[in-house]
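Trainee: Pasted the sequence and its predicted model underneath.
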Protein chains: 2
Amino acid sequence: MKWKARIVVRLKEGLNDPEGRVIGKALKNLGYRIEELKVPKYFEVVFESDEPEKDAEEMCRRLLANPVIHTYSYEIEPLGE
Amino acid sequence: MKWKARIVVRLKEGLNDPEGRVIGKALKNLGYRIEELKVPKYFEVVFESDEPEKDAEEMCRRLLANPVIHTYSYEIEPLGE
């Protein structure tokens, strides 16, 4: 069976997100009232699996996220077949 | 009023996503049956606005996305106040 996972990998609270800060500042300079702008990593994965939850969890732990500095979350939807 | 926008900026179909390809290959090498892996840009923006839809649309057009190579979409939720 085929699945699509949307995986968001965020920096833990308090860690520096320079890309987000720079983009937030640029938007402020354009006149928007930005309070916070973050740039998490975001992955869209189409994969075959009999255990999609287990696989998505493992992919995060083994490759996509670094548990020292990241938290992660994901949503999985079936694509059929 | 305060809002949170989740903005996804994707490469147009057919354009090269080398980061996605490399990460997809790495996951395949770990044994997962990856069919496709994409790494869109993803922004989480907290901002004040009286016209949040208009502002989010403008932020995409003016700064976050390049219309030549990107498509974008966003979801906006109220944060109150």
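Mentor: Now that the structure is in, tell me what you want to look at.
Trainee: okay, CA-based contacts and neighbour counts for the rest of this
Mentor: Will do.
Trainee: And the strands in chain A, which stretches?
Mentor: A:2-11, A:33-38, A:41-48, A:70-80 (DSSP state E).
Trainee: can I get those in CSV with distance to B:Phe47?
Mentor: As requested, the strands of chain A are arranged in CSV below (distance: least, Cα to Cα, whole Å):
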stretch, distance to B:Phe47
strand A:2-11, 19
strand A:33-38, 4
strand A:41-48, 20
strand A:70-80, 23
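Trainee: what residues are up against A:Val9?
Mentor: Shown in contact with A:Val9 (Cα atoms under 8 Å, 6 or more residues apart in numbering or on different chains): A:Pro40, A:Lys41, A:Tyr42, A:Leu64, A:Ala65, A:His70, A:Thr71, A:Tyr72, A:Ser73.
Trainee: Model confidence score at the nearest residue in space to the first one that is not next to it in sequence, please.
Mentor: What that stands for is A:Pro40. Closest residue to A:Pro40 apart from its sequence neighbours, by Cα to Cα, 6 or more residues apart in numbering or on different chains: A:Arg10 at 4.8 Å. A:Arg10 is assigned 97 on the pLDDT scale.
Trainee: Surely A:Arg10 is in contact with A:Phe43?
Mentor: No - if you go by Cα atoms under 8 Å, A:Arg10 and A:Phe43 don't touch, sitting 11.6 Å apart.
Trainee: Show me what from chain A comes close to chain B.
Mentor: Contact residues (Cα under 8 Å from any Cα of the partner chain) of chain A with chain B: A:27, A:32-49, A:55, A:59, A:63.
Trainee: closest to B:Val22 among the contacts of A:Val9?
Mentor: B:Val22 lies nearest to A:Leu64 out of the contacts of A:Val9, by Cα to Cα, at 11.9 Å.
Trainee: Next one: A:Ala5 relative to B:Ile34, how far apart?
Mentor: Per Cα to Cα, to the nearest Å, A:Ala5 is found 11 Å from B:Ile34.
Trainee: what do those two both touch?
Mentor: By Cα under 8 Å, 6+ apart, A:Ala5 and B:Ile34 have these common neighbours: A:Val45, A:Val46.
Trainee: The residue nearest to A:Pro40: neighbour count?
Mentor: With neighbours defined by other Cα atoms under 10 Å in any protein chain shown, the count for A:Arg10 comes to 20.
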